[in-house]
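Trainee: What shape does this take:
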Amino acid sequence: MTEKKYYKIASLEKGIRILELLADHGELSVTKVAELMDTNRAGSHRFISTLRDLGYVEKSENNKYQATLKVLQVAMKVANRFEIRRIARPYMQKLSLKYRETVNLGFFNGREIIHIDKIDSHEILRMDSALGENAPAYCTGLGKAILAFLSDDERDYYMDHARFVAYTPNTIIKREEFLQELSTIRQKGYAVDDEELAYGLRCVAAPIFDHDNKPAYALSISGPAMRLTHRVVENIKESVLEVSSELSRHMGTPEKL
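Mentor: Residues are numbered from 1 along each chain as shown. Have a look, this model is predicted:
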C-alpha cells in the first residue's frame, strides 16, 4: 500500500499532468484528455478551462486544445538562470559552424541529463533533442562524461539507484563493464555514445567543471553515425575538449597543477 503524502494536492497534480499531456501530444480533445487521465470528461474540461484562463492552453481551430508559448516562456526563465548557457553560446556557435552537426549543452541533476541548450545541425538528416528533455546519463555522451568525473561516493550512489536498460545492443548495462568504461573516459577526458541510446546516433562529449571542480555540465557534438564515423569523432574530440576546458575556466574551476 502506497503511503499518501500529507502535502500532496491532487487537483494541482492533475492540472500539471494535463499540461504535460498537451505538451507531449500537440493537441487533444477534452474527451481524449479524460481518456488518457482515466477521469470523467466534465472534470477534464474544468482543468483545461482553468489552464486556458491562465494563458497556458488555447483552443485550436478544430476544437481541440493545445499548450501555448507561455509554457515556453516559463521554461526559458528557468533555463536562463543557468549562467553557463550565456557563456557557452558563442563557443557552441563556433563548433556548429565548423562541424555542421548538432551541439548540445547538458546539466546533470543527479539522476538524468537535462538538455539546457543546443544548436541544431545544418544538415537535413540530423538527430534532435528538445530543450528541457531528459535523457539517461549512463548511455549518453553528456551523461557518461559527467559520471566519469564524479567523486567515488557520488558515482556509487548513482550506480546503486539507476535503472540500467538496454536501448540498443551497444548499451552498457553490466556494472563492472560500465565502471571500466568510466575509468577509460577519465583517462581520455572525453566520452563517446556509440549508438548506445539509439541506433544510428553517435556523440562525443566532455565535462564542464564548476568553481568547486565538480562536473555539473557537459558539452557534446552529436549526429548520424553514417556521418559521425569513428574517424570523424577522433578529429572532433580535440575541439570538444578544448571548448569544455575553456568553459570550465570561465566557470571558475581551479587551475590544474
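Trainee: how does this protein divide up, domain by domain?
Mentor: Split into domains by automatic domain parsing, the chain comes to 10-75, 82-250.
Trainee: Buried deepest among these, which one?
Mentor: Burial of the domains of the chain is given as mean neighbour count (mean count of other CB atoms under 10 Å); domain 82-250 ranks first at a mean of 18. Using the backbone N, CA and C atoms, a C-beta is placed for each residue, glycine as well.
Trainee: mean confidence for it?
Mentor: In this model, domain 82-250 has an average pLDDT of 91.
Trainee: so how far is it off the chain centroid?
Mentor: Relative to its chain's centre, domain 82-250 lies at 10 Å (CA atoms, centre = their mean, to the nearest Å).
Trainee: can I assume Leu197 sits in a strand?
Mentor: No - read with DSSP: H, G, I helix; E, B strand; the rest coil, Leu197 is coil and lies in no strand.
Trainee: my read: Thr50 touches Gly15, true?
Mentor: Yes - with contact defined as CB atoms under 8 Å, Thr50 and Gly15 form a contacting pair (6.8 Å).
Trainee: Angles on the backbone of Phe107, please.
Mentor: Main-chain torsions, Phe107, degrees, to the nearest 10: phi -120, psi 140.
Trainee: Would you map the strands across the stretch 1-150 of the chain?
Mentor: Ranges of strands in the stretch 1-150 of the chain, per DSSP state E, counting those that start in this stretch, are 57-59, 65-67, 102-108, 112-119, 134-136.
Trainee: looking at the protein, which residue lies furthest from center?
Mentor: Note on the chain: the largest C-alpha distance from the chain mean falls to Ala42, namely 35.4 Å (CA atoms, centre = their mean).
Trainee: List the contacts of it.
Mentor: Taking CB atoms under 8 Å, 6 or more residues apart in numbering, we find Ala42 in contact with no residue.
Trainee: quick one, helices of the stretch 1-150 of the chain?
Mentor: Here the stretch 1-150 of the chain has its helices, by DSSP state H, counting those that start in this stretch, at 10-25, 30-37, 41-53, 69-79, 83-99, 141-147.
Trainee: Run through the neighbouring helices and strands of the second one.
Mentor: Where contact means 3 or more CB pairs under 8 Å, 6 or more residues apart in numbering; DSSP states H and E, helix 30-37 is packed against helix 10-25, helix 41-53.
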